[in-house]
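> pasted the sequence and its predicted model underneath.
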Amino acid sequence: MSSALRTSLGSVCVLLTVMSLALLPLIFSTSWYQFNCHFHDRCSNLDPVGVQAYAHTMGQFFLYRSELVGWDTRGAAHLADVRTLYSQLAVAAVAAAGVLAALLWRRPANLSPFARGALVLLLLCSLVMPVFGTFWEKVFHPLLFDNDLWRTRRGEILWSLTPRVFFRNTVALLLTLSAVGCAALWWIGSRRR
């Protein structure tokens, strides 16, 4: 395998692994949903206990530990699609971590260029932030979902709990946490050189 191909593959593996690890606490933390209620007024449709209960139930559903009891049909169906995507992402992240381990097995110093490449990829990903709304509606959802269940309607639980500002904040934090993780790996890799 050529050096450029190995570096590109390693960079993608670092990025996928780090982003997946950064996403975990955001998916399963009821606090993240409650924190985002400060950025929109839709949570007022769900009392504070409701926000925590729905967020907790959603996290448990993503872990295959419970069903979505009391959820509207469209929201539950969309979250089933999301759970499938999260499961696929988990498999991809484990595979990426395995490939990364294999790439670093004999050359651990390659971690530095891999992490640097992942930071460049993160910088490219961050270019969506100024046009986040358009990206979220016209690119992201149509690319990942073959139905319109993601288009929430007024009064639905997901409409109240996860408006676009929730996802904008989530993506911004995800990019930031991933950049910190990649920078740390770059520093660790540079110390091994």
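Looks like it came in fine. Numbering: from 1, shown residues only.

> give the contact list for the spatially most central residue of the chain.
Against the mean C-alpha coordinate of the chain, by C-alpha atoms, centre = their mean, the closest residue is Leu23 at 4.3 Å. By C-beta atoms under 8 Å, 6 or more residues apart in numbering, Leu23 lies in contact with Leu89, Leu174. Glycine gets a C-beta too; all of them are placed from N, C-alpha and C.

> and it, how close does it get to Gly181?
11 Å (C-beta to C-beta, to the nearest Å).

> how close does the residue nearest to Ile188 when sequence neighbours are not counted sit to Ser190?
Leaving aside its chain neighbours, Ile188 sits nearest to Leu111 (6.4 Å; criterion: C-beta to C-beta, 6 or more residues apart in numbering). Leu111 sits at a distance of 9 Å from Ser190 (criterion: C-beta to C-beta).

> what's the answer for Ala102, then?
Counting by C-beta to C-beta - Ala102 and Ser190 are separated by 21 Å.

> which one's more surrounded, those two?
Neighbour count, other C-beta atoms under 10 Å: between Ala102 and Ser190, Ser190 has more, with 14 against 11.

> contacts only, for Met19.
Leu174, Ser178.

> again with the one 3 residues further on
Neighbour list for Ala22: Leu174, Leu177, Ser178, Gly181 [criterion: C-beta under 8 Å, 6+ apart].

> report pLDDT for the second one.
Right, the one you point to is Leu177. If you check Leu177, the pLDDT there is 96.
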